[in-house]
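K.L.:
Give the three-dimensional model of this entry:
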Amino acid sequence: MEQILDNIHNTPIGQVLKKIASLPEIRRDKILTLRRQITEGRYDLTERLDLALDRVLEDLTA
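P.N.:
Below is the predicted model:
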């Protein structure tokens, strides 16, 4: 068992778990504020989605 735990970082699942652990915490208050702004029409969702998609594509192709 100890050997498995020592080598888990070298496995695909270990790499995924490491990536998940490095993600930032979700800020619920920020999410609720953005949802309210979207509902009220005060948030330019199209522009933000385009930017987010560009960043995801950059990460995937890098």
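K.L.:
going forward, measure contacts between C-alpha atoms and count neighbours the same way
P.N.:
Will do.
K.L.:
Endpoint to endpoint, stretch 7-17 covers what distance?
P.N.:
13 Å (CA to CA, to the nearest Å).
K.L.:
Identify the residues contacting it?
P.N.:
With contact meaning CA atoms under 8 Å, 6 or more residues apart in numbering, stretch 7-17 is reached by residue 18.
K.L.:
ok now it, how far from the chain's centre?
P.N.:
Averaging C-alpha positions (CA atoms, centre = their mean, to the nearest Å) puts stretch 7-17 18 Å from its chain's average.
K.L.:
swap in stretch 52-62?
P.N.:
12 Å.
K.L.:
Can you classify residue 41 as helix, strand or coil?
P.N.:
For residue 41, the assignment made with DSSP: H, G, I helix; E, B strand; the rest coil gives coil.
K.L.:
Equivalent analysis for residue 38, please.
P.N.:
Assigned by three-state DSSP, the conformation of residue 38 is helix.
K.L.:
these two touch, right, it and residue 32?
P.N.:
No - using CA atoms under 8 Å, residue 38 is not in contact with residue 32, being 9.9 Å away.
K.L.:
which residues in this protein form helices?
P.N.:
2-7, 12-21, 28-39, 45-61 (DSSP state H).
K.L.:
Same list, these, but as TSV with mean pLDDT and mean neighbour count please.
P.N.:
Converted to TSV, the helices of the chain look like this (pLDDT from 0 to 100; neighbours: other CA atoms under 10 Å):
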stretch	mean pLDDT	mean neighbour count
helix 2-7	68	8
helix 12-21	84	12
helix 28-39	92	12
helix 45-61	90	11
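K.L.:
From the centroid of the protein, which residue is nearest?
P.N.:
residue 23 (6.3 Å; CA atoms, centre = their mean).
K.L.:
Please report how far residue 61 lies from residue 52.
P.N.:
Distance of residue 61 to residue 52, given as CA to CA: 14 Å.
K.L.:
meant to ask about residue 24, not that
P.N.:
From residue 24 across to residue 52, the span is 16 Å (CA to CA).
K.L.:
Kindly report the same for residue 59.
P.N.:
To residue 52, residue 59 is 11 Å away according to CA to CA.
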